[in-house]
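# just the structure for this:
(one chain, ligands or ions: 2)
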Amino acid sequence: MSKVIAVTNQKGGVGKTTTCAAFAGIFRRNGKRVLAIDLDPQGNLSFSLGAEDTGLTVHDVMKGKCTVREAVKHTRICDVMTSNILLSGTELELDGSDREFVLKRALSQAENDYDAIIIDTPPALSILTINAYTAANDLIIPMTPEVLSLQGIAQVKDTILAVKKYYNKSLDVRGILLTKYSSKYLLSEEVAEMAEIIARQLGTQIFDTRISACIAAAEAPAHQQTLVEYSPRCRAAREYTRLAQELYPDLAGKSF
Ligand SMILES: Nc1ncnc2c1ncn2[C@@H]1O[C@H](COP(=O)(O)OP(=O)(O)O)[C@@H](O)[C@H]1O
Ligand SMILES: [Mg+2]
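Ligands and ions are numbered 1, 2, ... in the order given. A predicted model of the protein is given here:
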């Protein structure tokens, strides 16, 4: 059985895709079988992991046109289900009373093929996001230390709670991850307080481990390398590794 981890925040630019790619790299480095699913029609994760945006995509899987195995692309880094702009039409294309379970059902075909399945989500509250929450075991919520990023969490909060209530009772909101952190750009006391309140409402925590702002994190995708390959010793790579080892010792290894 694979661990399904979804990364979410309604705000764009907070490090969702970077976090997915970093975790994929860390789990692969530890020899684990990883599938990364790009549920953002912008296709950033697909690009970052070196997957072509041609051929079958997660859109075809969700429309029932092909299986997960048929759609998976094998890249140097890991297996990837890519997305493209067509995915943005999914909202209108999925109908039926079980439209929230389409991804979960599709993934059940492949649950023995992978140790970890990492789902990147779009900066929008859509049926795609709900499918990600329904299919996931765990949610990780990146936020940058600014109020608009926090607003993005406030906006997904009700959806997370609704999915927990109706579609996925065992969904575990593991925590809020502060990203792009720097001593020049501290979390203001007000934002920190509000973040604590939202974390409590979600029954979760703000991780002690934070991800520093680090130029290598922004450069790695251009080289189609994960952060831990591109710059394994940079601060953000070490922090992502520590976080992954804390949250997923079986997948990330204990320490190195
Ligand atoms: N720790 C970091 N330090 C510096 N830049 C970062 C960091 N994490 C992400 N970035 C950069 O910030 C931008 C947004 O990150 P991304 O992961 O694409 O966010 P999202 O998926 O939430 O839109 C990207 O250009 C990315 O390279
Ligand atoms: Mg993204």
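# report the contact partners of K104.
Residues near K104 by CB atoms under 8 Å, 6 or more residues apart in numbering: N131, T134, A135. Every residue, glycine included, has its C-beta placed from N, CA and C.
# how about the second one, nearest residue that isn't a chain neighbour?
Okay, so that is T134. Distances taken as CB to CB, 6 or more residues apart in numbering put Y167 closest to T134, at 4.4 Å, once the chain neighbours are dropped.
# gap between the one you found and E100?
Y167 sits 5 Å away from E100, going by CB to CB, to the nearest Å.
# look at the two and report which has more neighbours.
Higher neighbour count among Y167 and E100: E100, with 20 against 17, using other CB atoms under 10 Å.
# got any residues that touch both of Y167 and E100?
With CB under 8 Å, 6+ apart, Y167 and E100 have common neighbours I130, T134.
# got a winner among the contacts of K104 for most neighbours?
Neighbour count (other CB under 10 Å) singles out N131 as the most crowded of those, with 29 neighbours.
# would you mind confirming that that residue is in contact with V58?
No - using CB atoms under 8 Å, N131 makes no contact with V58, being 9.8 Å away.
# and for these two, which residues touch both?
The contact lists of N131 and V58 share L39, L103, where a contact means CB under 8 Å, 6+ apart.
# all strands of the stretch 51-200 of the chain, in order?
Assigned by DSSP state E, counting those that start in this stretch, the stretch 51-200 of the chain shows strands spanning 73-74, 79-81, 116-120, 138-143, 172-178.
# what strands line up against the second one, and which way round?
Here the strand partners of strand 79-81, with direction, are listed using DSSP bridges: strand 34-38 (parallel), strand 73-74 (antiparallel).
# low-confidence ranges in the protein?
Within the chain, the segments meeting pLDDT under 70 span 185, 255-256.
# what's the neighbour count on P142?
25.
# identify the residues contacting it.
V7, N9, V14, G15, K16, T18, T19, I176, L177, L178, T179, I211.
# just P145 next, same as before
Contact partners of P145, counting by CB under 8 Å, 6+ apart, are L178, K180, Y181, Y185, L186, L187, S188, V191.
# look up how far S48 lies from the closest residue to S83 other than its chain neighbours.
Sequence neighbours aside, D38 is the residue nearest to S83 in space, at 4.2 Å (criterion: CB to CB, 6+ apart). Per CB to CB, D38 is found 9 Å from S48.
# overlap in contacts of those two?
By CB under 8 Å, 6+ apart, no residue touches both D38 and S48.
# around ligand 1, pick out the residues from the protein.
Applying CB under 6 Å from any ligand atom, we find that the chain lies next to ligand 1 at 12-18, 44, 123, 179-180, 211, 213-214, 217-218, 221, 236.
# just the buried residues out of those residues, in PyMOL syntax.
Typed into PyMOL, the line below selects the buried ones among the residues of the chain next to ligand 1, using 16 or more other CB atoms under 10 Å:
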select buried, resi 12+14+15+16+17+18+44+123+179+180+211+213+214+217+221+236
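# of the residues of the chain next to ligand 1, which ones also sit close to ligand 2?
Restricting those to those within reach of ligand 2 (CB under 5 Å from the ion) leaves K16, T17, N44.
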